[in-house]
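1. Kindly return the folded structure for what I paste below:
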Amino acid sequence: MDKFILRLNKAKKAIDEADYIIIGAGAGLSTAAGIDYTGKRFEKYFKDFIEEYGFTDMYSSGFYPFKSQEEKWAYWARHVFANRYDVGKTSVYQKLLKLVEDKEYFVLTTNVEHQFWINGFDDERIFATQGDYGFLQCEKACHDKLYPNREQVFEWVEKTENFRIPSDLVPKCPVCGGEMDLNLRKDNYFVEDDKWHEMNKNYYNFLDNVDGKFVFLEIGVGFNTPGIIRYPFEQMTYNNSDATLIRLNLDYPQAIPENKDKTISFDENVEEILDYWLSRI
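-> Residues are numbered from 1 along each chain as shown. Prediction:
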């Protein structure tokens, strides 16, 4: 415990002294916030699907080869409803905002649940690289426009019968007439619309204008897509004498050897860590 407190205090000192905070958020942050894709929460939303299809969790079930569009959208309507629209604000994200709101901060995230926006982070300071559950796109990316899906999702959930939505509610691309998909980066057809490019530009402009001490606050980032957050944060920490990497990760907290003196690692509970830091404000 003593070493834990020492790490907490060292990390808090780095945050306090930093002129800039760059948050890197992966799936582990949303899990810490209670948006769990397994266990009781999965059973709460998908008990009937579990019995029908043998699903074991919300992540792997997303790859199930549904035989029809009606089945596909019955599943995804429930999934998006559970993780995007039925969640609301969460205490972990609220506490993270409280920690950084008076700093020059930016958020780079691979999460797609929209939690940073829902919890009040500044729109111009967020780059969600992998998409958003709240939008549809053409399955074959015939054009680069995205379509909000809230009303459709609620209607699909309400009208699902026998694990299918009505055929007349299956979404079709308004340009090519083909199938639609969620705006999630899972293949070469992921649509990067004007907003995506704006977020991308904002992120790199932020990095270009960092001048002073800065902290990379990486939370819940594993090795599914390490080239987006984990590896770049390690590289930028290595290249900058004024950088500190604070890594919160239950499974992979280790620092690379080259950054061992510039990384503060935690495999403890994320909300407990945030509570301690906030108690020292």
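2. Now the residue nearest to the spatial centre of the chain: closest residue in space, sequence neighbours ignored.
-> Nearest to the geometric centre of the chain sits N111, at 1.4 Å (Cα atoms, centre = their mean). Setting aside the residues directly before and after it, N111 is nearest to S30 in space (Cβ to Cβ, 6 or more residues apart in numbering), at 5.3 Å. The way it works is simple: take the backbone N, C-alpha and C, and place the C-beta from them, glycine included.
3. Quick one: residues contacting the one you found.
-> N111, E113, Q115, G220 (Cβ atoms under 8 Å, 6 or more residues apart in numbering).
4. Is there a neighbour count for the closest residue to the third one other than its chain neighbours? I'd like the number.
-> So the one you mean is Q115. Nearest non-adjacent residue to Q115, counting by Cβ to Cβ, 6+ apart: Y93, 5.1 Å away. Y93: 25 surrounding residues under other Cβ atoms under 10 Å.
5. just F154 next, same as before
-> Per other Cβ under 10 Å, the neighbour tally for F154 reads 15.
6. And it, its phi and psi?
-> Per-residue torsions, F154: phi -60, psi -40 (degrees, to the nearest 10).
7. I'd guessed it sits against V80; true?
-> No: F154 is beyond contact range of V80, at 9.8 Å (criterion: Cβ atoms under 8 Å).
8. Quick one: distance of stretch 32-48 to the chain centre.
-> Centroid separation for stretch 32-48 versus its chain: 17 Å, with Cα atoms, centre = their mean, to the nearest Å.
9. Alpha carbons of it, in CSV - could you do that?
-> What follows is stretch 32-48, C-alpha atoms only, in CSV (Å, rounded to 0.1, in the frame of the first residue of the first chain):
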residue,chain,number,x,y,z
ALA,A,32,-14.1,0.9,-15.2
ALA,A,33,-17.1,3.3,-15.7
GLY,A,34,-19.4,0.3,-15.6
ILE,A,35,-19.9,-0.1,-19.3
ASP,A,36,-19.0,-3.8,-19.0
TYR,A,37,-19.5,-6.1,-22.0
THR,A,38,-19.7,-9.3,-19.9
GLY,A,39,-21.3,-10.7,-16.8
LYS,A,40,-24.5,-9.4,-15.2
ARG,A,41,-24.7,-6.4,-17.4
PHE,A,42,-24.5,-8.5,-20.5
GLU,A,43,-27.2,-10.9,-19.1
LYS,A,44,-29.4,-7.9,-18.3
TYR,A,45,-29.6,-6.7,-21.8
PHE,A,46,-29.1,-9.9,-23.8
LYS,A,47,-30.6,-12.8,-21.8
ASP,A,48,-32.8,-13.9,-24.7
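10. what comes into contact with that stretch?
-> Stretch 32-48 has contacts (Cβ under 8 Å, 6+ apart) with 31, 50, 55-59, 61, 78, 81-83, 87, 90-93, 113, 115, 163, 219-220, 269-271.
11. Which stretches in the chain count as helices?
-> 2-17, 27-32, 39-53, 58-61, 69-80, 91-100, 115-118, 150-159, 194-208, 230-239, 270-279 (DSSP state H).
12. Looking at the protein, which strand is longest?
-> Counting residues, the longest strand in the chain under DSSP state E turns out to be strand 131-138.
13. returning to that earlier point: may I see the helices of the chain organised as CSV, with distance to D181 and mean pLDDT added?
-> Shown next, in CSV, are the helices of the chain (distance: least, Cβ to Cβ, whole Å; pLDDT from 0 to 100):
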stretch, distance to D181, mean pLDDT
helix 2-17, 39, 95
helix 27-32, 20, 97
helix 39-53, 19, 97
helix 58-61, 16, 95
helix 69-80, 9, 98
helix 91-100, 27, 98
helix 115-118, 21, 98
helix 150-159, 13, 98
helix 194-208, 15, 98
helix 230-239, 27, 98
helix 270-279, 31, 98
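14. Please tabulate these in TSV, including the columns distance to L169.
-> TSV is the format used below for those (distance: least, Cβ to Cβ, whole Å):
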stretch	distance to L169
helix 2-17	48
helix 27-32	28
helix 39-53	18
helix 58-61	21
helix 69-80	7
helix 91-100	32
helix 115-118	26
helix 150-159	6
helix 194-208	26
helix 230-239	40
helix 270-279	39
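15. Ok, which of those comes nearest D144?
-> Closest of the helices of the chain to D144 is helix 194-208, at 7.6 Å (criterion: Cβ to Cβ).
16. can you state the direction angle for the closest one and strand 131-138?
-> Interaxial angle of helix 194-208 relative to strand 131-138 (axes from the mean of the first three to the mean of the last three Cα atoms, to 10 degrees): 140 degrees.
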